[in-house]
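# Predicted coordinates and the sequence they were generated for:
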Amino acid sequence: MFNMKLPMYVVEPGAGSHLRRAGEACGPSDLQRSRCCSVIIAVLASLNLLTQASQGGSLTFNASVPNPPAELPVLSLTPQAAPVNLMNRLIAPTAANLSSAKLSPLSETPLLQKSKIKLPEEVVGVVENDHVKAWANLRTGDAEIYPTLTTTKPISPLAASSLALRSHEIFTSSEFIAPDDTRVVIDRAKVLEGATYVRDAAGGVHPEKAAIPYYVYVSARRFVAGLPVEGPGSRALLTISSGGVVEGLTRSWKTAKTLNTVHPLSNAQQVRDEITRQLQPVLKGADAVVDSISLAYYDGNGAFLQPVYRFTVHVHSQTGGTSSKTTDNFLIGYVPFAKALEPLPSLDASGGASPTAPVLAPKNSMLFNASFTLSVGRYVVRNDDPGWVNDANAFWNSLSSAQPYLFSNSQYYWAGPDEFTTQKDLFVNSVNLALNEVHGDWWYFTTYQNWGDGVNLWDIPYPGYGPSANGSLADWVLHSCEMVPSPDDTAGWVGPWFTIFGGMRNVVGYRTIMYINDGAGGPYGTSLGSLAPVVSSWLNDVMSLNAYSGQPTSAAHGGIVRPMGRPCAVSMSGHENDSVLAVSWLPRATNLTIYWFPD
């Protein structure tokens, strides 16, 4: 049943009060206070379509279902040949530090033999120092080259546009993307910047290196019948440095051939009904707004490209009259255009095992050597969207598939504050690699929905995390909105990181709003399992996601509208290129470097 709905606005307390749409991010001063709303006013602003859920939450359609064409093509997918010759030519200018100037079976390299790590013969690549610089799978055709962050020369800001032209040559090469029944559109170039802060002997913190542009990142997007392709497949990215050298590459892209045409299965009402069905679990304690519905194609990296209705959802939790300190949920969903030839992800379904309640266990201080495995901890926000669990499982499945015997699933728990604060040395600081699937804001995350049991990173007890902090954590992955603010967001970006980096090497996350089900976990797990650099693989894998193609934006911290899905990373300077194998003892960080993409 559809009715008029009055959008809700909030009057902010204190001096300079103003109207804010309910669900928008609070300002910086509000986030330092735990309460930011006092009076709710109903204001008639627009005509919306509303469905009232039986559980109490409301579902509002702010978008209409597009009129479908009479028919759309379905395409079959087959793997392309791995671009080995192209990759050999691209890595040649950086061959000085490589095990070989050409891709060869990775299992035969000294790094993997010394570590007693085995990979299938179909995986070829090159090693740079103590990490894998590039790899290609001869069976699937997937391939990656990872930029070397510590050795690149800064680029001129004025050179970014001209460097982006270099990408056209590669994207239009049949070695990289073979011509087929789809169209390739090259996206706007994005520049990676870096800056460094130092902590002196007296404890003072000050800038050591101002923001410098390092690389130009250019991604490609696939279209079928004028419609964009979504999903984990059809990803392509190039990273270009000074002089037009291509230092990074991502390709997960199969050749597509038209198979037949299909007719729409559902009318507009049936599409809305399916969206409503998928959102029923969400509506138990939240209000949801469907912001967009569009026609697209879905590439599940399987056998078909199939047409779908793509919709985006903004979910606002009902928190008993108090305002959340983190942002609302943002989701992407799909409804079949015709009978699905392959399963589509559904917002109401969890895939794989669920986390368990945390169990206290003897501290695992194990560091990597040839006799041990690397311990992995995954910590998922409680009583929230199943997309968090799905991403945690996709991360583990890809990580363990790439290296079946290297990693141990040491901790897979529902998150709670103690796991990161008072009991940190029994939980997050007891593993080598940790993943958080949580709601967040600047240096803050929740462990119960997006409003309860919060953890402020400023409150993490000294000496923080890592081998010099009575623990083992080397790398921390934050699949969460805005937890890693950049110099573009605040001059004080370094925040609590010097306290937290007690021998820890890298933190990777986002500086802007992200979709819960953006699909980052799977590709990043593959990269880490391939022994790629922790930081540059995160930047490659997130920037190549289809979820953020088309430059979606959202109100971020302080109500500022920013692009969604901008990755960010903080590193102990000089350890940006470390792989997950690097877990040996390090002293506390005295220099921290941040990498980010400006708006």
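Perfect, thanks for sending it. Numbers count the residues shown, from 1 in each chain.

# Now do the helices in this structure.
Ranges of helices in the chain, per DSSP state H, are 28-32, 84-91, 110-114, 160-171, 268-278, 386-402, 497-500, 521-529, 534-543.

# buried sites along the fifth one?
Right, the one you point to is helix 268-278. 271-272, 274-276, 278 (16 or more other Cβ atoms under 10 Å). In short, each C-beta sits where N, CA and C put it, glycine included.

# How about stretch 193-204?
Residues of stretch 193-204 classed as buried by neighbour count (16+ other Cβ under 10 Å): 193-199.

# likewise stretch 217-235?
In stretch 217-235, counting by 16+ other Cβ under 10 Å, buried: 217-222, 224-225, 227-235.

# Quick one: end-to-end length of that stretch, please.
This stretch, stretch 217-235, spans 13 Å end to end (Cα to Cα, to the nearest Å).

# now that stretch, how far from the centre of its chain.
Relative to its chain's centre, stretch 217-235 lies at 17 Å (Cα atoms, centre = their mean, to the nearest Å).

# I'd like the numbering to begin with 44 instead of 1 from here.
Got it, the first residue is 44 from now on, which makes the last one we talked about stretch 260-278.

# Would you mind confirming that Arg605 makes contact with Met557?
No: contact criterion Cβ atoms under 8 Å: Arg605 and Met557 do not qualify, at 11.2 Å.

# more neighbours, the two?
Met557 (26 against 20; other Cβ atoms under 10 Å).

# CSV please, covering the buried residues of helix 311-321 and showing pLDDT.
What follows is these, written out as CSV (pLDDT from 0 to 100):
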residue, pLDDT
Val314, 98
Arg315, 98
Glu317, 98
Ile318, 98
Thr319, 97
Gln321, 97
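
# one step back: what about the helices of the chain, which gets the closest to Ala512?
Shortest distance between Ala512 and those, using Cβ to Cβ, is found for helix 540-543: 8.5 Å.

# tally of neighbours for Glu290?
Using other Cβ under 10 Å, Glu290 is surrounded by 24 other residues.

# Run through this protein and note the low-pLDDT ranges.
Residue ranges of the chain with pLDDT under 70: 44-99, 138-139, 200, 362-368, 404-415.

# How is it partitioned into domains?
Domain segmentation of the chain under automatic domain parsing yields 124-183, 417-639.

# if I look at the closest residue to Val289 other than its chain neighbours, how far off is Leu149?
Of all residues not flanking Val289 in the chain, Leu133 sits nearest, at 4.8 Å (Cβ to Cβ, 6 or more residues apart in numbering). Distance, Leu133 to Leu149, using Cβ to Cβ, to the nearest Å: 17 Å.

# Name the residue in the two with the higher neighbour count.
Between Leu133 and Leu149, counted using other Cβ under 10 Å, the more crowded position is Leu149 (25 against 20).

# what's near enough to touch the more buried one?
Applying Cβ atoms under 8 Å, 6 or more residues apart in numbering to Leu149 gives the contacts 155, 162, 166-168, 170, 175, 178.

# now with 6 Å?
Taking Cβ atoms under 6 Å, 6 or more residues apart in numbering as the contact definition, Leu149 lies against 155, 162, 166, 168.

# Between these, which sits nearest Phe354?
Distances from Phe354 to these, taken by Cβ to Cβ, are shortest for Val166, at 37.0 Å.

# and that closest one, how many residues sit next to it?
So Val166, with other Cβ under 10 Å, has 21 neighbours.

# Would you mind measuring from the residue nearest to Val289 to Leu208?
Using Cβ to Cβ, we find Leu133 at a distance of 16 Å from Leu208.

# So what's the residue count around Pro386?
Using other Cβ under 10 Å, Pro386 has 11 neighbouring residues.

# could you check the angle helix 203-214 makes with the longest strand seen in the chain?
Of all segments of type strand in the chain, defined using DSSP state E, the longest is strand 248-267. Taking axes from the mean of the first three to the mean of the last three Cα atoms, to 10 degrees, one finds strand 248-267 and helix 203-214 inclined to each other by 40 degrees.

# Quick one: list the elements packing against strand 248-267.
Packed against strand 248-267 by the contact rule (3 or more Cβ pairs under 6 Å, 6 or more residues apart in numbering; DSSP states H and E) you find helix 203-214, strand 226-229, strand 233-242, strand 278-283.

# Looking at these, which is nearest to Ala383?
Counting by Cβ to Cβ, Ala383 lies closest to strand 278-283 out of these; the figure is 21.2 Å.

# contacting residues for Ile283?
Here Ile283 is in contact with 206, 209, 259, 289 (criterion: Cβ under 6 Å, 6+ apart).

# 7 Å - rerun?
The neighbourhood of Ile283, defined by Cβ atoms under 7 Å, 6 or more residues apart in numbering, consists of 206, 209-210, 258-259, 261, 289.

# quick one, strands of the stretch 294-443 of the chain?
In the stretch 294-443 of the chain, the strands defined using DSSP state E, counting those that start in this stretch lie at 298-305, 329-342, 347-360, 372-379, 417-423.

# Go ahead and confirm Met261 touches Leu281.
No, residue 261 isn't Met; it's Val. Yes: counting by Cβ atoms under 7 Å, Val261 touches Leu281, with 5.1 Å between them.

# Which parts of the stretch 44-193 of the chain are strands?
So, for the stretch 44-193 of the chain - with DSSP E, counting those that start in this stretch - the strands run 51-54, 62-64, 82-85, 92-95, 101-104, 115-121, 147-148, 166-171, 174-180, 186-188.

# Switch the contacts of Leu149 over to a markdown table; also include distance to Ala346.
Formatted as a markdown table, the contacts of Leu149 follow (distance: Cβ to Cβ, whole Å):
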| residue | distance to Ala346 |
| --- | --- |
| Leu155 | 32 |
| Leu162 | 25 |
| Val166 | 22 |
| Gly168 | 26 |
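
# of these, closest to Pro630?
When the contacts of Leu149 are compared for distance to Pro630 (Cβ to Cβ), Leu155 wins out at 28.4 Å.

# just wondering, since we're on the residue nearest to that closest one when sequence neighbours are not counted, how far is it from Val166?
Spatial nearest neighbour of Leu155, chain neighbours left out: Leu149 (5.8 Å); criterion: Cβ to Cβ, 6+ apart. Computed as Cβ to Cβ, the Leu149 to Val166 distance reads 5 Å.

# Mind listing the shared neighbours of those two?
By Cβ under 7 Å, 6+ apart, the residues touching both Leu149 and Val166 are Trp178.

# before we move on, the earlier item: looking at the contacts of Leu149, which is nearest Phe380?
Distance to Phe380 across the contacts of Leu149 (Cβ to Cβ) is lowest for Val166, with 35.8 Å.

# was I right about that closest one contacting Trp178?
Yes: counting by Cβ under 7 Å, Val166 does reach Trp178; the two are 5.9 Å apart.

# Can you give me the separation between Val358 and Val234?
Taking Cβ to Cβ as the measure, Val358 and Val234 are separated by 32 Å.

# More neighbours: those two, which one.
Taking neighbours as other Cβ under 10 Å, Val358 and Val234 compare with Val358 leading, 24 against 17.

# pretty sure the more buried one contacts Ala329?
Yes: look at Val358 against Ala329 with Cβ under 7 Å: they come within range, at 5.0 Å.

# For the most centrally placed residue in the chain, which non-adjacent residue is spatially closest?
Nearest to the mean C-alpha position of the chain, by Cα atoms, centre = their mean, lies Ala563 at 4.1 Å. Leaving aside its sequence neighbours, Ala563 sits nearest to Val585 (Cβ to Cβ, 6+ apart; 5.5 Å).

# which residues touch the one you found?
By Cβ under 7 Å, 6+ apart, the contact set of Val585 is 563, 608, 610.

# got the contact list for the first one?
Each residue near Ala563 by Cβ under 7 Å, 6+ apart is listed here: 434, 522, 584-585, 588.

# As a markdown table, those with distance to Asn140 would be great.
A markdown table is the format used below for these (distance: Cβ to Cβ, whole Å):
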| residue | distance to Asn140 |
| --- | --- |
| Asp434 | 33 |
| His522 | 31 |
| Asp584 | 23 |
| Val585 | 25 |
| Leu588 | 29 |
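
# got a winner among the contacts of Leu149 for most neighbours?
With neighbours set by other Cβ under 10 Å, the maximum within the contacts of Leu149 is found at Gly168, which has 31 neighbours.
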